[in-house]
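K.L.:
need coordinates for the following:
(chains A and B)
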Amino acid sequence: DTAVSQTPKYLVTQMGNDKSIKCEQNLGHDTMYWYKQDSKKFLKIMFSYNNKELIINETVPNRFSPKSPDKAHLNLHINSLELGDSAVYFCASSQIRGAGGYTFGSGTRLTVV
Amino acid sequence: SQQGEEDPQALSIQEGENATMNCSYKTSINNLQWYRQNSGRGLVHLILIRSNEREKHSGRLRVTLDTSKKSSSLLITASRAADTASYFCATVPMEYGNKLVFGAGTILRVKS
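P.N.:
Got it, this is the predicted structure:
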């Protein structure tokens, strides 16, 4: 069974569109994250939720809105997509905030054209 | 800004040789973690070392941590072609105990 699953794996869309990426974890972890990996492979945290509560909101445009309906799901909605949003987005989860290893999903490659 | 800097940026070795990657960071930390990323895949957690630990082993991996120098190293012994991947160090800063901050990564290529 996949521990952290993201859908879709690939997403190609036009500028100005709105899109969502879904993430689910079956590990029973309390904390979930969204990371963005740019073309130079830099990974930067975007958001973190602990038991459905937003605990980290980095300097991310407010076009990005995370939603956590329950502690096993963390979705990312992006409005008015821009070329610069093209990247790989990774969902991750951890058992104890900061104290243990993270389990990452396989990523969603977003291409905005 | 990125918390960690990794050195070298890229490393190419022969199968059977050892690979050493270094990581430096800027602020006090709770722990430091190493991850592997195969091309086009997600990150896989390899090992975690706490700030009060100096060395840790896991199979062919050996990690050291020097908090006085704010640096860590990852040694992969007897490398295999399957070890070819990007390796990232990541820290949990003491100030922000609930987020993992990544370095730029080292690309390792093991030639068979």
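K.L.:
isn't A:P66 up against A:I78?
P.N.:
No - assessed by CB atoms under 8 Å, A:P66 is found out of contact with A:I78, at 10.2 Å. C-betas here are computed from N, CA, C, even on glycine.
K.L.:
now whichever residue of chain A sits closest to chain B: closest residue in space, sequence neighbours ignored.
P.N.:
Among the residues of chain A, A:G101 lies nearest to chain B; the distance is 3.6 Å by CB to the nearest CB. Counting by CB to CB, 6 or more residues apart in numbering or on different chains, B:H45 is the residue found nearest to A:G101 once chain neighbours are left out, at 3.6 Å.
K.L.:
same question for A:F90.
P.N.:
Here the residue nearest A:F90, using CB to CB, 6+ apart, is A:Y35, at 4.5 Å.
K.L.:
what sits against that neighbour?
P.N.:
A:Y35 is in contact with A:L43, A:K44, A:I45, A:M46, A:Y89, A:F90, A:C91, A:A92, A:F104, B:F102, counting by CB atoms under 8 Å, 6 or more residues apart in numbering or on different chains.
K.L.:
who wins for neighbours among the residues you listed?
P.N.:
The residue in those with the most neighbours, by other CB atoms under 10 Å in any protein chain shown, is A:C91 (29 neighbours).
K.L.:
please tell me how far A:T59 sits from A:S86.
P.N.:
From A:T59 across to A:S86, the span is 18 Å (CB to CB, to the nearest Å).
K.L.:
rounded mean pLDDT for the helix or strand containing the residue nearest to A:F90, please.
P.N.:
In the assignment (DSSP states H and E), A:Y35 maps to strand A:31-37. When pLDDT is averaged over strand A:31-37, the result is 95.
K.L.:
kindly report the same for stretch B:94-110.
P.N.:
So the average pLDDT for stretch B:94-110 ends up being 88.
K.L.:
only C-alpha atoms, please: export that stretch in CSV.
P.N.:
The C-alpha trace of stretch B:94-110 is given here as CSV (Å, rounded to 0.1, in the frame of the first residue of the first chain):
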residue,chain,number,x,y,z
MET,B,94,15.7,24.8,16.9
GLU,B,95,13.8,28.0,16.3
TYR,B,96,11.2,26.3,14.1
GLY,B,97,10.8,22.9,15.5
ASN,B,98,8.1,21.9,13.1
LYS,B,99,9.6,22.3,9.7
LEU,B,100,12.3,20.5,7.7
VAL,B,101,14.6,22.8,5.8
PHE,B,102,16.6,21.3,2.9
GLY,B,103,20.0,21.8,1.5
ALA,B,104,20.7,22.1,-2.2
GLY,B,105,21.6,18.4,-2.6
THR,B,106,24.5,16.4,-4.0
ILE,B,107,24.1,14.4,-7.2
LEU,B,108,25.8,11.1,-6.9
ARG,B,109,26.6,9.0,-9.9
VAL,B,110,28.0,5.5,-9.3
